[in-house]
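> okay, structure incoming, though there's no sequence with it:
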């Protein structure tokens, strides 16, 4: 049997057509929510913020240190120029050169021969080069240490924050009422727990340190360039606004595409989990092809957003390099004229050029780091929405009447209910009955008539939409949730054991239960023979039957 979905033709649309329709579809989708930058770090404590402040200060030192290498390069370039000039002077053409210099020096200001070069020696050249090399070694060692410190500080702080955030997220997920789970797929929640938290970890760790470092390097490079020659610096900066606007715009688009990609892959993960956990049903209806089509469709949607993100990354790098090398061409063209006109020397030109180059490269490198931080802000929004959600039925609440013991008098009066996921379909419509202490009451009816729903309402998985349920004369909405559920034992049609010993599974209901009480409960549940037949009974249950 082959099952074909109605949307199969949509999934087969060429990728190019999807890309052309992307802008039109984008305006119809929900905007990607983000948390503020400060909210992104809300799970940091005083120690974490101290580490991040230290890391940020050291990152600034690292970033500012990089452009200072341009000063060393400029000085070293001047040393090589002086040595080259000295070699030319010491050649056979030197006497003719001196005569020409004496003839033209008064009448032509474009002659730039510097007589002080005659005092330059090979020993002085060697000393200058060694001095610059040693300065480079010292700065390299210092930058190595500072880079190590900044990354370590931010990674340690990020790990601490993520540890708290994971605990808060998992606790909040377990706190939610069952109605919320009906509206949220468990596979999507698992993806949020691992994928989104990993994105937040990236956006609060070393990427922040690198963003601070590259930002400091950008400003440091331009400060040095302005200090040496402001005219050439302004000329080279004429194309910088285009680079900045392009980087910010593409970073925003990248963040949105990344969030949409993660959402689509979360849907694909939920489909895979749903299929694998219900594999018998899939086989029974020969639905393998149908499930494959569903999964492939979700993957195609994620792939499409991934391609869009890749296009943004490529366009961003292309435009960045285009503007960067365009400014380099402009700098050498104008700088050469400045040197010829004796407005500046070669040392100043080299220093300004490399300062601007390092600053511009830092700006290009900072863009992806800020994009990662923006992605983390989008991922944090989905996580914080769950953490901050106040459930209608709070299983962690200490409010309400705590029952010391119950007799078991249950009264159900005119109860009405519809599931939140299907509010237009009434499940219970005015049902009522009474169960006295010691009685055995059976609810009989067709599938979907509300038998299990009554048990769910009794355990307060949901709140009824009308009527009331009383236990020993107390409305169950007035009873403490933990006390109510601890007083009621439920065995579902398909019970699930957690991956631990049977003893631990039994103790989930009452952690203070004794060994004798566990044995008695197992016998009453007709589970004694089943447990005794296990191949390693002591592994599964540390009791001696």
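Thanks, I have the structure now. Predicted model, so just to flag it, every value in this text is computed and none were measured.
> need the three-state assignment for the nearest residue to residue 477 once chain neighbours are set aside.
What sits nearest to residue 477 in space, not counting adjacent residues and going by CB to CB, 6 or more residues apart in numbering, is residue 463, at 6.9 Å. The C-beta positions use only the backbone N, C-alpha and C, and glycine is treated the same way. Reduced to three states with DSSP: H, G, I helix; E, B strand; the rest coil, the structure at residue 463 is coil.
> kindly report the same for residue 144.
Residue 144 ends up helix, using three-state DSSP.
> please report how far it lies from residue 138.
11 Å (CB to CB, to the nearest Å).
> how about residue 295?
Distance from residue 295 to residue 138, by CB to CB: 58 Å.
> neighbour count: these two, which is higher?
For the pair residue 295 and residue 138, the greater number of neighbours falls to residue 295 (17 against 10), based on other CB atoms under 10 Å.
> and the residue nearest to residue 477, what does it touch?
Contacts were defined as CB atoms under 8 Å, 6 or more residues apart in numbering; by that measure residue 463 touches 392-393, 457, 477.
> which of the residues you listed fall in helices?
residue 457 (DSSP state H).
> which one (most neighbours) among the contacts of residue 463?
Of the contacts of residue 463, with other CB under 10 Å as the count, residue 457 tops at 22 neighbours.
> which SS class is residue 469?
strand.
> for it, give the beta-bridge partners.
residue 412 (DSSP bridges).
> quick check: it touching residue 457?
Yes - Residue 469 is within contact range of residue 457, at 6.1 Å (criterion: CB atoms under 8 Å).
> pull up the overlap in contacts between these two.
With CB under 8 Å, 6+ apart, residue 469 and residue 457 have common neighbours residue 415.
> excluding chain neighbours, give the residue nearest to residue 349 in space.
Closest to residue 349 by CB to CB, 6+ apart is residue 335, at 4.4 Å.
> next one: residue 528
residue 522 (5.0 Å).
> by contact count, what packs against the helix or strand that residue 358 is a member of?
Element membership of residue 358 [criterion: DSSP states H and E] is helix 346-387. Under the contact criterion of 3 or more CB pairs under 8 Å, 6 or more residues apart in numbering; DSSP states H and E, helix 346-387 touches helix 37-40, helix 46-89, helix 122-175, helix 197-204, helix 206-228, helix 230-237, helix 240-277, helix 288-340.
> may I see those organised as JSON lines, with mean pLDDT and distance to residue 447 added?
Formatted as JSON lines, the helices and strands packed on helix 346-387 follow (pLDDT from 0 to 100; distance: least, CB to CB, whole Å):
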{"stretch": "helix 37-40", "mean pLDDT": "86", "distance to residue 447": "47"}
{"stretch": "helix 46-89", "mean pLDDT": "83", "distance to residue 447": "53"}
{"stretch": "helix 122-175", "mean pLDDT": "87", "distance to residue 447": "30"}
{"stretch": "helix 197-204", "mean pLDDT": "88", "distance to residue 447": "39"}
{"stretch": "helix 206-228", "mean pLDDT": "90", "distance to residue 447": "53"}
{"stretch": "helix 230-237", "mean pLDDT": "82", "distance to residue 447": "74"}
{"stretch": "helix 240-277", "mean pLDDT": "75", "distance to residue 447": "21"}
{"stretch": "helix 288-340", "mean pLDDT": "81", "distance to residue 447": "23"}
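> for these, which one sits closest to residue 513?
With CB to CB as the criterion, residue 513 lies closest to helix 122-175 of the helices and strands packed on helix 346-387, at 21.6 Å.
> and the residue lying closest to residue 171 once chain neighbours are set aside, what's its pLDDT?
Distances taken as CB to CB, 6+ apart place residue 396 nearest to residue 171, at 8.0 Å, with adjacent residues excluded. What the model reports as pLDDT for residue 396 is 83.
> same check, this time on residue 91
In this model, residue 91 carries a pLDDT of 59.
> again with the one 10 residues further on
Here, the pLDDT recorded for residue 101 equals 48.
> run through the residues that contact the spatially most central residue of the chain.
Nearest to the mean C-alpha position of the chain, counting by CA atoms, centre = their mean, stands residue 199 at 1.7 Å. Residues near residue 199 by CB under 8 Å, 6+ apart: 258, 262, 375-376, 379.
> nearest residue to it in space, please, no chain neighbours.
Here the residue nearest residue 199, using CB to CB, 6+ apart, is residue 379, at 4.1 Å.
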